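**Q** Could you look at this predicted model? Sequence included:
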Amino acid sequence: MRSSSAAPIPEGVKPFRSALGKDVSYRFSTPGAYVYKCTPHYGQGMVGIVIVGDTPENLSAIAAKKYPGKADKRIEALLAPLT
Ligand SMILES: [Cu+2]
């Protein structure tokens, strides 16, 4: 999975990405919601959200963003139980 500034993450967190096809580990140390995506399949809905902490403050920013193709419906479905 890859993430970039195109996918919302908490303010102040440096965007991160992995090399394509490589395993990656990442330590989430700032509370909030992190959208991550598979770059080649983003538009096909291969996107997810990692929640760090109990009350992510950036869910409304994630909801307000427009995502490509099927990612938009996927994000909407993932946010539904959180908001
Ligand atoms: Cu993919």
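**A** Cool, got the structure.

**Q** Only C-alpha atoms from now on, for both contacts and neighbour counts.
**A** Fine.

**Q** how about the residues of this protein near the ion?
**A** 38, 41 (Cα under 5 Å from the ion).

**Q** So the most centrally placed residue in the chain, which state does it fall into?
**A** Residue closest to the average C-alpha location in the chain (Cα atoms, centre = their mean): residue 35, at 0.5 Å. Following DSSP: H, G, I helix; E, B strand; the rest coil, residue 35 is assigned to strand.

**Q** residues near the nearest residue to it once chain neighbours are set aside, how many?
**A** The shortest distance from residue 35 to any non-neighbouring residue, by Cα to Cα, 6 or more residues apart in numbering, is to residue 49 (4.5 Å). Around residue 49 sit 18 other residues, with neighbours defined as other Cα atoms under 10 Å.

**Q** Also residue 36?
**A** For residue 36, the neighbour count with other Cα under 10 Å is 23.

**Q** related to what we said a few turns ago, tell me the secondary structure at the residue nearest to residue 35.
**A** strand.

**Q** And residue 69, by the same measure?
**A** For residue 69, the assignment made with three-state DSSP gives coil.

**Q** I'd like the distance between it and residue 54.
**A** 29 Å (Cα to Cα, to the nearest Å).

**Q** residue contacts, residue 61?
**A** By Cα atoms under 8 Å, 6 or more residues apart in numbering, the residues touching residue 61 are residue 8.

**Q** isn't there a helix covering it?
**A** Yes: when three-state DSSP is applied, residue 61 is found to be in a helix.
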